[in-house]
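Engineer: Need coordinates for the below:
(chains A and B)
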Amino acid sequence: MRYCIPFWNILVKDIRSYYLKPPNISWGIVFPLAWTGMFFVRSGGGLDNVLSLLPGVVALAILFGTTSVLAVTVTFEKKGRSFERLLLAPIPLELLMLAKTSGAILFGVINAFVPILLASFITDIAATNWGILFPTVLLIAMASTFLGLFIAVSVSEVFEAQTFSNFVRFPMIFLCGLFFPIAMLPTFLQPLAYALPVTYGVDVLHGAFDGTSVLSLPLNLAILSIYCVVLFMLSLMNVRRRWIL
Amino acid sequence: MLHNYVLHVYNDDVRSSTAFAHTEQTQVAIRVHDLVKRYDALTAVDRVSFEVSSGEVFGFLGPNGAGKTTTINILTGLARSDGGEVWIGGLNCTSNTKRAQHLLGVVPDESNLYPELSGFQNLCFCGALYGMRRVARETRARELLSDFDLAGAADRKFAAYSRGMKRRLTIAAGIMHHPPILFLDEPTTGIDVASARQVRQLISEMNQAGTTIFLTTHYIEEAERLCNRVAFIVDGRIVREDTVTQLMRQVEGLHIVEVSLNSGSSEVVGLVSREFPDLRVEKVSDAQLRLVSARPIRAGAVVVFLESAGLEVTEARQVRPSLEDVFVSVTGLAVQEMKRERERMSGGGVAG
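Structural biologist: Numbering: from 1, shown residues only, chains lettered A, B, ... in the order given. So this is what the prediction gives:
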């Protein structure tokens, strides 16, 4: 209870200052929709294709919605020293970083439902398993956010955060089975696909939308959870090592 | 007027620790013992020890890179020490960093509030970080904006504030949660003379209201005005620590004359030293000398000598010995070096 006030205020400030700003909305929503449109046109399929593309666009919306702002703003606040203000506050570092990332997680979850809502107008999504979809969207949002956090606390400059996050995000579009199955990738790239957290999220999303997941649901969720914990712990370690000298 | 600087804490678990103001431990607000900080081969803080009593203004003075900010960072939890111990209000900071942070207000050397938030929102946010409830933080924010003469700019974004206003708001943010101990790192650096004067007035008032103040500054005259006690730190080591009154005794009988020349001469110090061997001649710049003696100085004779040597004297004035003279004699830093230090820190000044 005692930490509710700082936690809530950090979250609200970040949402107001960063997540409700036009650049984030364009990166988080317009960009994934544009990519999906491109794949949709390229595939030459009809509206039946929408359901098979939906897991990819949902994952992209989460990935870009969560990482595009977080990685930059944390680095920006560190550079401008306003992050020191947070480190000086009597809040445990774990809680502080959770507060800083909650806005991104929330934005990622909301982003995920934009394409789902749009898809509901053009195709039948009645078969969607919502019980699987909700926790999966949350876990993908957390894993992507912590990936963004890890990038933010591993670099010193804002441009490095942008470059590094694009370096990680763009290959994911092709490697994580977003728009075509991992089995279609060259054999040497397949292990790399399974080293990326979004791969497991997309697999569960396929299961939730059209029941075509490759791995079992518990395994996918467990791996995603492990990614969340590991990325968060690594980020904390980096903050302690690099920022509290 | 600032008011109501009573110990006021918002979290139950720290109430016991912050009650130190009513115990014997309150006599010592900050205790540092054998503090060491290394950055690779460089020892930035070298076995530093000192104590700051409750209600005192303690000046931590030294040239750029002496270890002042590093020490503050360790004391406030922004850096880890490589040795030694720190107690804040009786709490060991190594094991209780977060609890000790409840007792501290920190004003960094650069204004680091959020540019996109207004003055009022910034203060409210800072209060929230310390667990202040909405009504309490809004009331406090309005009170501080008024005290710091910023009420008219309360809804203006921090990014649009002038330097002096930013500095004042940063200080206000540091005391939002009524900390009993306030760290001020170069509070008047980079701001205009009027704002610097206002900030110094605010510091005095905060101290009168009971806040213990730990002050670092390049402006030694500022420390002389504000501090009860000072420590001089050079190359990470404390070279002298005493009350300002006691330190000033060291220079009480000194006579100082500052001579300004129309144009510079690199040989002028040698010339004057040879002609007036009983004077200590310090070079402030090529065109300015400082003559120091334990006996009254015959400024006229020096002026005549310089004029006869072909140098045009534009001004010769007697100055009162200051803490800076103590600093120079204790640290061995040349007057010229001190001047360079001051010039490096833009604006500010201590006039007024």
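Engineer: Can you list the buried residues in the top helix by length along chain B?
Structural biologist: The residue-count maximum for a helix in chain B (DSSP state H) belongs to helix B:193-208. Neighbour-count burial for helix B:193-208 flags B:195-200, B:202-203, B:206-207 (criterion: 16 or more other Cβ atoms under 10 Å in any protein chain shown). No exception for glycine: its C-beta is placed from N, CA and C like everyone else's.
Engineer: Which parts of stretch A:9-23 count as buried, going by neighbours?
Structural biologist: By 16+ other Cβ under 10 Å, the buried positions in stretch A:9-23 come out as A:9-11, A:13-15, A:17-19.
Engineer: ok, the residues you listed vs chain B, which is closest?
Structural biologist: A:Asn9 (3.6 Å; Cβ to the nearest Cβ).
Engineer: Spatially, what comes nearest to that closest one if we skip its sequence neighbours?
Structural biologist: B:Ala128 (3.6 Å; Cβ to Cβ, 6 or more residues apart in numbering or on different chains).
Engineer: Run the chain-centre distance for the helix or strand that neighbour falls within.
Structural biologist: Here B:Ala128 sits within helix B:119-129, counting by DSSP states H and E. Taking Cα atoms, centre = their mean, to the nearest Å, one finds the center of helix B:119-129 at 25 Å from the center of the full chain.
Engineer: name the helices or strands packed onto that helix?
Structural biologist: On a contact count with 3 or more Cβ pairs under 8 Å, 6 or more residues apart in numbering or on different chains; DSSP states H and E, helix B:119-129 meets helix A:4-14, helix A:82-88, helix B:134-147, helix B:163-174.
Engineer: In chain B, where is pLDDT below threshold?
Structural biologist: Counting by pLDDT under 70, chain B contains low-confidence ranges at B:1-26, B:334-352.
Engineer: Would you map the strands across chain B?
Structural biologist: Under the criterion DSSP state E, chain B contains strands at B:28-39, B:42-53, B:57-61, B:83-88, B:91-92, B:104-107, B:181-185, B:212-217, B:229-234, B:237-243, B:255-261, B:280-285, B:288-293, B:313-319.
Engineer: what about A:Leu33, how many neighbours?
Structural biologist: A:Leu33: 16 surrounding residues under other Cβ atoms under 10 Å in any protein chain shown.
Engineer: just B:Gly264 next, same as before
Structural biologist: Around B:Gly264 there are 12 residues (other Cβ under 10 Å).
Engineer: so it touches B:Lys283, yeah?
Structural biologist: No: using Cβ atoms under 8 Å as the test, B:Gly264 is too far from B:Lys283 to be in contact (9.8 Å).
Engineer: Those residues of chain A touching chain B, which are they?
Structural biologist: A:2-3, A:5-6, A:8-10, A:13, A:17, A:80-82, A:84-92, A:244-245 (Cβ under 8 Å from any Cβ of the partner chain).
Engineer: wait, A:Tyr227 sits on A:Pro197?
Structural biologist: Yes: applying Cβ under 8 Å as the test, A:Tyr227 and A:Pro197 come out as touching, 4.0 Å apart.
Engineer: Common neighbours of these two, please.
Structural biologist: Residues touching both A:Tyr227 and A:Pro197 (Cβ atoms under 8 Å, 6 or more residues apart in numbering or on different chains): A:Ala143.
Engineer: neighbours around B:Asn64, how many?
Structural biologist: Quick note: B:Asn64 (other Cβ under 10 Å) scores 11 neighbours.
Engineer: That one touches B:Ile233, doesn't it?
Structural biologist: No: at 11.5 Å, B:Asn64 does not count as touching B:Ile233 under the criterion of Cβ under 8 Å.
Engineer: and the helix or strand hosting A:Leu219, C-alpha only, in CSV?
Structural biologist: Per DSSP H and E: A:Leu219 is located in helix A:217-238. This file holds the C-alpha atoms of helix A:217-238, laid out as CSV (Å, rounded to 0.1, in the frame of the first residue of the first chain):
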residue,chain,number,x,y,z
LEU,A,217,0.3,-23.8,-24.7
PRO,A,218,1.9,-24.4,-21.3
LEU,A,219,5.4,-24.6,-22.9
ASN,A,220,4.8,-21.4,-24.9
LEU,A,221,3.6,-19.5,-21.8
ALA,A,222,6.3,-20.9,-19.6
ILE,A,223,9.0,-19.9,-22.1
LEU,A,224,7.5,-16.4,-22.4
SER,A,225,7.4,-16.1,-18.6
ILE,A,226,11.0,-17.1,-18.3
TYR,A,227,11.9,-14.4,-20.9
CYS,A,228,10.0,-11.8,-18.9
VAL,A,229,11.8,-12.7,-15.7
VAL,A,230,15.3,-13.0,-17.3
LEU,A,231,15.0,-9.7,-19.2
PHE,A,232,13.7,-7.8,-16.2
MET,A,233,16.4,-9.2,-13.9
LEU,A,234,19.1,-8.4,-16.5
SER,A,235,17.7,-4.9,-16.8
LEU,A,236,17.8,-4.4,-13.0
MET,A,237,21.4,-5.8,-13.0
ASN,A,238,22.4,-3.3,-15.7
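Engineer: what about it, average pLDDT?
Structural biologist: Average pLDDT, helix A:217-238: 95.
Engineer: Surely B:Gly55 is in contact with B:Thr212?
Structural biologist: Yes: assessed by Cβ under 8 Å, B:Gly55 is found in contact with B:Thr212 at 5.8 Å.
Engineer: list residues touching both of those two?
Structural biologist: With Cβ under 8 Å, 6+ apart, B:Gly55 and B:Thr212 have common neighbours B:Ala29.
Engineer: So for those two, which sits in the more crowded spot?
Structural biologist: Higher neighbour count among B:Gly55 and B:Thr212: B:Thr212, with 26 against 18, using other Cβ under 10 Å.
Engineer: What residues does the closest residue to that one other than its chain neighbours make contact with?
Structural biologist: If the residues on either side of it in the chain are set aside, B:Thr212 comes closest to B:Ala29, at 4.2 Å by Cβ to Cβ, 6+ apart. Neighbour list for B:Ala29: B:52-56, B:88-89, B:180-181, B:212 [criterion: Cβ under 8 Å, 6+ apart].
Engineer: Just the buried subset of those, written out for PyMOL, thanks.
Structural biologist: Buried members of those, defined by 16+ other Cβ under 10 Å, are picked up in PyMOL with:
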select buried, chain B and resi 52+54+55+56+88+89+180+181+212
